[in-house]
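Undergrad: Please work out how this folds:
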Amino acid sequence: MKQLIKDFETNRKALEKLLNGSAGQLTKKAAQLSKKKMRFSKAAKDARTKKAALVADIAKKSTAAKTKRLTKLNETIQNSAAEAKSLNVELQPVKAELKEVKTAQTRYTAGFKQFDKAITSHDKAVAKKATKKPVMRRAKKKVPAKK
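TA: The predicted structure follows:
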């Protein structure tokens, strides 16, 4: 029994280490991708804001420089939006995998806690039984015989 518990503890530590490592790596990767995606999304948003002002300016008076700037803004919007979209596609499986790892961590942690509880209660029961004092029996009073 003790050997089984020892083996379980060894495997448990290895599994916890593996899950924690996987979770850490996936979290880091998801954070990096999200950061990149946000940068491109922000660039596209800024370009759209500038474009709105430029279109209004062109409506008043059109020049070749303004038209060229508008073309560049349109390209920036297109490229940034496409890049953000591709990063989002890359990010989704990472997020899904991270969610699975977190679920596994939660499940295994709960199982380990139950196991620990069982072992602790078993150990307590054994200890209680070992230290239990024997029940003291009352000695019968010796009644003197009638004369």
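
Undergrad: Would you map the helices across the protein?
TA: Ranges of helices within the chain are 2-60, 64-131, based on DSSP state H.

Undergrad: Using JSON lines, please lay out these together with mean neighbour count and mean pLDDT.
TA: Bear in mind the C-beta positions are built from the backbone N, C-alpha and C, glycine included. Output for those, formatted as JSON lines (neighbours: other Cβ atoms under 10 Å; pLDDT from 0 to 100):
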{"stretch": "helix 2-60", "mean neighbour count": "13", "mean pLDDT": "89"}
{"stretch": "helix 64-131", "mean neighbour count": "13", "mean pLDDT": "88"}
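
Undergrad: any chance of those in CSV, plus distance to Ala139?
TA: Formatted as CSV, the helices of the chain follow (distance: least, Cβ to Cβ, whole Å):
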stretch, distance to Ala139
helix 2-60, 42
helix 64-131, 25
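
Undergrad: Please enumerate residues in contact with stretch 6-14?
TA: With contacts defined as Cβ atoms under 8 Å, 6 or more residues apart in numbering, stretch 6-14 is touched by 112, 115.

Undergrad: What of stretch 30-46?
TA: Under Cβ under 8 Å, 6+ apart, the answer for stretch 30-46 is 76-77, 80-81, 83-84, 87-88, 90-91, 94-95, 98.

Undergrad: residues in contact with the residue nearest to the spatial centre of the chain?
TA: What sits nearest the mean C-alpha location of the chain, by Cα atoms, centre = their mean, is Lys102, with 4.2 Å. Lys102 makes contact with Ala23, according to Cβ under 8 Å, 6+ apart.

Undergrad: same question, the one 10 residues further on
TA: Contacts for Phe112 (Cβ under 8 Å, 6+ apart) come out as 12, 16.

Undergrad: where's it relative to Lys140, distance?
TA: From Phe112 over to Lys140 the distance is 54 Å, taken as Cβ to Cβ, to the nearest Å.

Undergrad: How about Ile5?
TA: 47 Å.

Undergrad: What of Lys113?
TA: Separation of Lys113 from Lys140 (Cβ to Cβ) stands at 51 Å.

Undergrad: And for Lys45?
TA: Counting by Cβ to Cβ, the separation of Lys45 from Lys140 is 96 Å.

Undergrad: Repeat that for Lys129.
TA: Distance, Lys129 to Lys140, using Cβ to Cβ: 29 Å.
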